[in-house]
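S.K.: sequence plus the predicted model coming up.
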Amino acid sequence: MAAASGMLISNPTNVYFRKPQFSCSLKPKSTVSELGFLTSQLNGIQISQSPFLTTINKPISAPFKPSLQPVARRVCPFTGKKSNKANRVSHSNHKTKRLQFVNLQYKRVWWEAGKRFLKLRLSTKALKTIEKNGLDAVAKKAGIDLSKA
């Protein structure tokens, strides 16, 4: 099996070989110049870094977003209540894990400031809190914009 002499340069679209560049100087240099060349101390071959490779290898700083967002989670947006992990205990005291879900209800609530009804999915605890304190106060504390609901 024969191997070509040279340096393999790869790009997502192109793959090609670059012929090695030999240094004309007799004494080897061990420093990196401003151009990005490094002279090898072993045989005088200059190893260069292509400018297109440095732009490809830079990490892309984008916020992580899962590919699939859950459509309806079992979390109350007003109180933040979510499922509780509990044990189901048999007569022989054998414990298995189970979830105790939040009592979420779809409820049409009158929004006085917007003069319209809002269909909200909220827990029964949040419904009691809304009846006591008002929809605007509970939504403001939870950081919910009711005009988008």
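M.R.: Perfect, thanks for sending it.

S.K.: and the longest helix seen in the chain, which residues are buried?
M.R.: Using DSSP state H, we find that the single longest helix of the chain is helix 124-133. By neighbour count, with 16 or more other CB atoms under 10 Å as the criterion, the buried positions of helix 124-133 are Ala126, Leu127, Thr129, Ile130. Glycine gets a C-beta too; all of them are placed from N, C-alpha and C.

S.K.: by contact count, what packs against that helix?
M.R.: strand 104-111, helix 135-142 (3 or more CB pairs under 8 Å, 6 or more residues apart in numbering; DSSP states H and E).

S.K.: please work out which of the ones you listed is packed deepest.
M.R.: Mean neighbours per residue, mean count of other CB atoms under 10 Å, is largest over the helices and strands packed on helix 124-133 for helix 135-142, with a mean of 16.

S.K.: what's that one packed up against?
M.R.: Checked by 3+ CB pairs under 8 Å, 6+ apart, helix 135-142 has strand 104-111, helix 124-133 packed alongside it.

S.K.: neighbouring contacts of it?
M.R.: 77-80, 109-113, 118, 126, 129-130, 145-146 (CB atoms under 8 Å, 6 or more residues apart in numbering).
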